[in-house]
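*Asks:* Predicted model and sequence below, questions to follow.
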Amino acid sequence: MAEEKEIINSESPAAASPGTAAPANAIGAERGFRSDRGNDRGDRSGRRRRETENDGKRDDLAEKVLYINRSAKVVKGGRRFSFSALVVMGDRKGKVGLGLGKGAEVSEAIKKGGENARTQLQMVSLNDNTIPHEVFAHFGGAKVLLRPASAGTGLICGKTVRAVVESAGIRDILSKSLGSKNAANVAKATLTALKQLRRREEIFKARGLEHRLTTKTA
């Protein structure tokens, strides 16, 4: 019997000697644990990173939050807060849209605003990096004046107008915001002004004067 016990103890990796501890890998293998957990986590994080990069490549729309508003509703248990976010989205190539989202959390409101802005994307007429002509528009109490600028002028406008025209792909413009300073009305007035823009070619084709384009080109 003594000889059998010695043989069993010598085969067990955890009981090699009373003064030395067994290796961690041997203990994990004996208990049935996986030793490649770290590698598995690394693979999963790498997979998520690749998926995020692919989504960014497929979607080249730029999203900006114009303002976030918080409202409170008084109920029996206290005050209940809700948030609304106005988001502008564009591809910087002549396509831009506005969206308003509401939710119980700020992140939820921004997400809904981005989704609404994506569905409201509209094309605007541009002349290289500026607008083809001067335009004036108003929405509510806000009034916005936009003027074309020479190359290198930059965006001479306020933060709300700047966010809208920059998302549309405009790099040189002169603007003036008149009337109300409400961010929502200013943004909608700017978008209304951009939708009024027309290039010379579009105006001639609408009037049936395409021959003038060929004559000037020749």
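*Replies:* Sure, I can see it.

*Asks:* quick one, helices of the chain?
*Replies:* Assigned helices in the chain, in chain order: 2-11, 24-31, 37-58, 106-119, 159-168, 183-195, 200-207, 210-217 (criterion: DSSP state H).

*Asks:* and the spatially most central residue of the chain, what does it touch?
*Replies:* The residue lying closest to the centre of the chain (Cα atoms, centre = their mean) is residue 63, at 3.5 Å. By Cβ atoms under 8 Å, 6 or more residues apart in numbering, the residues touching residue 63 are 87, 88, 89, 114, 117. All C-beta atoms are positioned from the backbone trio N, CA, C, and that covers glycine.

*Asks:* hmm, try it at 6 Å
*Replies:* 89, 114 (Cβ atoms under 6 Å, 6 or more residues apart in numbering).

*Asks:* swap in residue 156?
*Replies:* Contacts for residue 156 (Cβ under 6 Å, 6+ apart) come out as residue 174.

*Asks:* what about it, distance to residue 172?
*Replies:* Residue 156 sits 9 Å away from residue 172, taking Cβ to Cβ, to the nearest Å as the criterion.

*Asks:* likewise residue 200?
*Replies:* 18 Å.

*Asks:* Which of these two has more residues huddled nearby?
*Replies:* residue 172 (19 against 14; other Cβ atoms under 10 Å).

*Asks:* how about the more buried one, what does it touch?
*Replies:* 129, 130, 149, 151, 153.

*Asks:* Please repeat the previous calculation with a cut-off of 7 Å.
*Replies:* The contact partners of residue 172, taken as Cβ atoms under 7 Å, 6 or more residues apart in numbering, are 129, 130, 149, 150, 151, 152, 153, 154.

*Asks:* Relative to residue 169, how far out is the fifth one?
*Replies:* Just to be clear, that refers to residue 151. Residue 151 sits at a distance of 14 Å from residue 169 (criterion: Cβ to Cβ).

*Asks:* Compare those two and say which one has the larger neighbour count.
*Replies:* Using other Cβ under 10 Å, the more surrounded residue of residue 151 and residue 169 is residue 169, with 18 against 10.

*Asks:* surely the more buried one meets residue 95?
*Replies:* No. Counting by Cβ atoms under 7 Å, residue 169 does not reach residue 95; the two are 8.0 Å apart.

*Asks:* how deep is residue 194 tucked in, by neighbour count?
*Replies:* The tally of other residues near residue 194 (other Cβ under 10 Å) stands at 24.

*Asks:* So which bits of stretch 62-76 are buried?
*Replies:* Neighbour counts using 16 or more other Cβ atoms under 10 Å place 63, 64, 65, 66 of stretch 62-76 among the buried residues.

*Asks:* swap in stretch 139-158?
*Replies:* Neighbour-count burial for stretch 139-158, counted by 16+ other Cβ under 10 Å, picks out 139, 142, 143, 144, 145, 146, 148, 149, 155, 157, 158.
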